[in-house]
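> Make a model of this:
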Amino acid sequence: MVMDVVAAIDAWLGPSGLLARALPGFEARGSQTEMAQAVAGTLRDGGPLLVEAGTGTGKTLAYLVPALLSGKTVVVSTGTKTLQDQLLLRDIPLLTALWSEWSDSEPPRVALMKGLQNYLCLRRYDEFRRSAQSVISDAGRNLPLLERFREETLTGDRSELRALAQGAPIWAEVSSSSETRVGAKCRHYDACFVTQMRRKAEKAQLLIVNHHLFFADLALRGPHASSVIPDYEAVIFDEAHMIEDIATDFFGVSVSTNKIETLVRDAQRAFKTAGLSSSSERMLSAVLLTAARFFETLPRPRAGEGGRVPLPASSFVMRMQEPMFALDNALDALQAFAQGAVAESEAIAQIARRAEQTRNDVALISEGGPGDHVTWTLARGRSVSIGSSPVEVGDMLREKLFAQGGATVLTSATLSTAGSFQFVKARFGIEDAAELCLDSPFDYAAQAALYLPRGLGDPREASFFERAAAEVRALVELTHGGAFVLCTSLRAMRELAERTRPGLRHRVLVQGEAPNASLLETFRADGSAVLFATAGFWQGVDVPGNALRLVIIDKLPFEVPSDPLVSSRCMRLKERGQEPFMHYLVPAAALTLKQGFGRLIRARSDRGIVAILDERVSTKGYGKVLLRSLPAAKRCANFDEVSEFWRSVSAPSSTELSSGAPNG
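Residues are numbered from 1 along each chain as shown. So this is what the prediction gives:
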């Protein structure tokens, strides 16, 4: 750094610093400065740092300032697109614009890296345009829109294509991926949007990625493997509470019906270009037919339930072995055919590699995966998947990330449970780390009420929904809408929405009826809407201001005990002599509950109510752990108390403090 770290941080974030002089609404915060100094020290000395920074701390600037000043190549990994956009569109431009007042040097270069599926693949786009699917399929209807995008875009980034509906089939046909990317032998390589993205990243000091890309890259890294992200000296995880689940996905292996169908479609196009359509038609049909038979043998969840279903090893012996061998033979034939025609094109060589990898993945799953894995199936919409995931990722994270000697900062508004980092340290494989817990600057006792109604009964009973719906209606009428109703399952969300909708005078939105981004935009614009939602809205959703003034949580967010990963993790703890409920299920629920609560107060001027309809939080001993993990809002035990609170805060005075948004 140019000067002593404390002085450097103060020169940017202090009361008379660059940001205070540039931004009229900037407020120097001791907690923000303390975090920035801790991050700077970790970037200088190495090692892991855990920082829980309550909402309103300004944590993004607290790590961006020391990251830019460090002179090191730093990766910032985020959990949500919302935060990524905040960094790229607001925080980083602000800091680089002020850089000339700090130094005569050029500001550090910053690059954005997204997963390959976010970028248009020029080769696949050309192949799709020439294929029969471009004329006869649903995907082909959007081809004119894509053609205009191809002519106008400079980045090929899907986010620029706003007119294309979320989930439109055509994007899966033309997007890039690790499986479909040919590499330097592709005739589009120099013009390729992914190539351009990587070249910019190689020249940058600060790289902005998301957790999915980071762990996809980490899973690939090794002495003989190529990496996606350029080499870096430090990594900062924002929204770090999400990394165990994401790492679990990428350290495992899975095969889906969508994956095989995409392989066959790409093979059809590659073979057609090479004039091999007639000789490959029956072979590709055999792949689809044997894949359909194989996936039909997989167990399904019971009616009304979702999620993963465990797949014991005995299933492969008793009923799946024959269809699995048939699928393997069909993929083997595809692999051999493509290998015999590799001279025709690199695209055909890639088909051979993908067929071989799919065979290997199915075989690995059938054997239970490497080491201590759990095998599962999952049905989601029309797609069916089979996979094998590690029961725990702590050892892998320790070996691949924390033991590498670089600096690693993990920050979130929700990392501790009842004031301790022990749970996330155990889950992440962190043996020793610096720790910092910073309270939010918001006055929760004055700004928010935590309403814990009694008498609604056990939320696992059918009669609960009738009483819960009445409570929802009463609360929504009290605040005149502006409510999130956060549910722990799709079934509960639909049940509550169906029972509540007829009695509400406000606009009702239900997750699934429109893309999440569209629902959120409508909610913000309406100002008095009621949104029923599940996991996608418990975290990473930011609605500052009066549009969101009520958050209702239907049930304590415990993991589903029947989920094969959850069940296996509980069994592992039992083997170690630990009680899984208090050592795993309760702390995990506490973090999720904190995330749900955190949707409410996003600025100093916000006022609102959080209601938890599950009375177990008050009647069970473990409820104390959950409540100690939540902000110190005013507690209300009955409707009269919460009504009185709302009347006292629903007309804030004209002297309210500003939101403090410039602090990041």
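> where in the chain is pLDDT low?
Across the chain, the ranges flagged by pLDDT under 70 are 1-3, 222-226, 302-306, 369-371, 651-664.
> What backbone torsions are found at the most centrally placed residue in it?
Centroid-nearest residue in the chain: Gly79, 4.8 Å away (criterion: CA atoms, centre = their mean). With angles defined as degrees, to the nearest 10, Gly79 sits at phi -90, psi -20.
> Contacts only, for it.
Taking CB atoms under 8 Å, 6 or more residues apart in numbering, we find Gly79 in contact with Asn210, His211, Asp238, Glu239, Ala240, His241, Met242, Ile243, Ile246, Gln539, Gly540. All C-beta spots, glycine's among them, are computed from the backbone N, C-alpha and C.
> Just give me the closest of those residues to Ala191.
Asn210 (24.9 Å; CB to CB).
> wait, that closest one sits on Val76?
No - with contact defined as CB atoms under 8 Å, Asn210 and Val76 do not form a contacting pair (9.8 Å).
> joint contacts of these two?
Common neighbours of Asn210 and Val76 are not found (criterion: CB under 8 Å, 6+ apart).
> count of neighbours near Glu52?
25 (other CB atoms under 10 Å).
> measure it to Met35 for me?
10 Å (CB to CB, to the nearest Å).
> what touches both of those two?
With contacts taken as CB under 8 Å, 6+ apart, Glu52 and Met35 have Thr411, Leu436, Leu438 as neighbours in common.
> which residues sit in contact with the second one?
Read that as Leu436. Counting by CB under 8 Å, 6+ apart, Leu436 has contacts Glu34, Met35, Ala38, Leu49, Leu50, Val51, Glu52.
> bridging residues for the fifth one?
With DSSP bridges as the criterion, Leu50 is bridged to Leu410, Glu435.
> So it sits against Phe421, correct?
Yes - counting by CB under 8 Å, Phe421 is a contact partner of Leu50 at 5.2 Å.
> who's more crowded, the two?
Each of Leu50 and Phe421 has its neighbours counted (other CB under 10 Å); Leu50 has more, 23 against 20.
> elements contacting whichever helix or strand Ile348 is part of?
Following DSSP states H and E, one finds Ile348 within helix 346-366. With contacts taken as 3 or more CB pairs under 8 Å, 6 or more residues apart in numbering; DSSP states H and E, helix 346-366 sits against strand 253-256, helix 257-273, helix 321-340, strand 383-390.
> Make JSON lines out of the ones you listed and add mean neighbour count and distance to Leu288.
JSON lines is the format used below for these (neighbours: other CB atoms under 10 Å; distance: least, CB to CB, whole Å):
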{"stretch": "strand 253-256", "mean neighbour count": "20", "distance to Leu288": "13"}
{"stretch": "helix 257-273", "mean neighbour count": "20", "distance to Leu288": "6"}
{"stretch": "helix 321-340", "mean neighbour count": "18", "distance to Leu288": "9"}
{"stretch": "strand 383-390", "mean neighbour count": "20", "distance to Leu288": "14"}
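> Pull the contacting residues for Val480.
Check again: residue 480 is His, not Val. Shown in contact with His480 (CB under 8 Å, 6+ apart): His506, Ser528.
> how about 7 Å then?
Taking CB atoms under 7 Å, 6 or more residues apart in numbering as the contact definition, His480 lies against Ser528.
> just use 89 as the starting number from now, easier for me
Done: numbering now begins at 89, and the last item shifts to His568.
> what are the phi and psi angles of it?
phi 60, psi 50.
> Can you report how many residues neighbour the closest residue to Glu267 other than its chain neighbours?
Excluding its sequence neighbours, the residue lying closest to Glu267 (CB to CB, 6 or more residues apart in numbering) is Arg442, at 5.4 Å. Counted with other CB under 10 Å, residues neighbouring Arg442 total 22.
> Pretty sure Arg442 sits against Leu351.
Yes - using CB atoms under 7 Å, Arg442 makes contact with Leu351 at a distance of 5.5 Å.
> For the residue nearest to the centre of the chain, which non-adjacent residue is spatially closest?
Spatial nearest neighbour of Gly167, chain neighbours left out: Glu327 (3.2 Å); criterion: CB to CB, 6+ apart.
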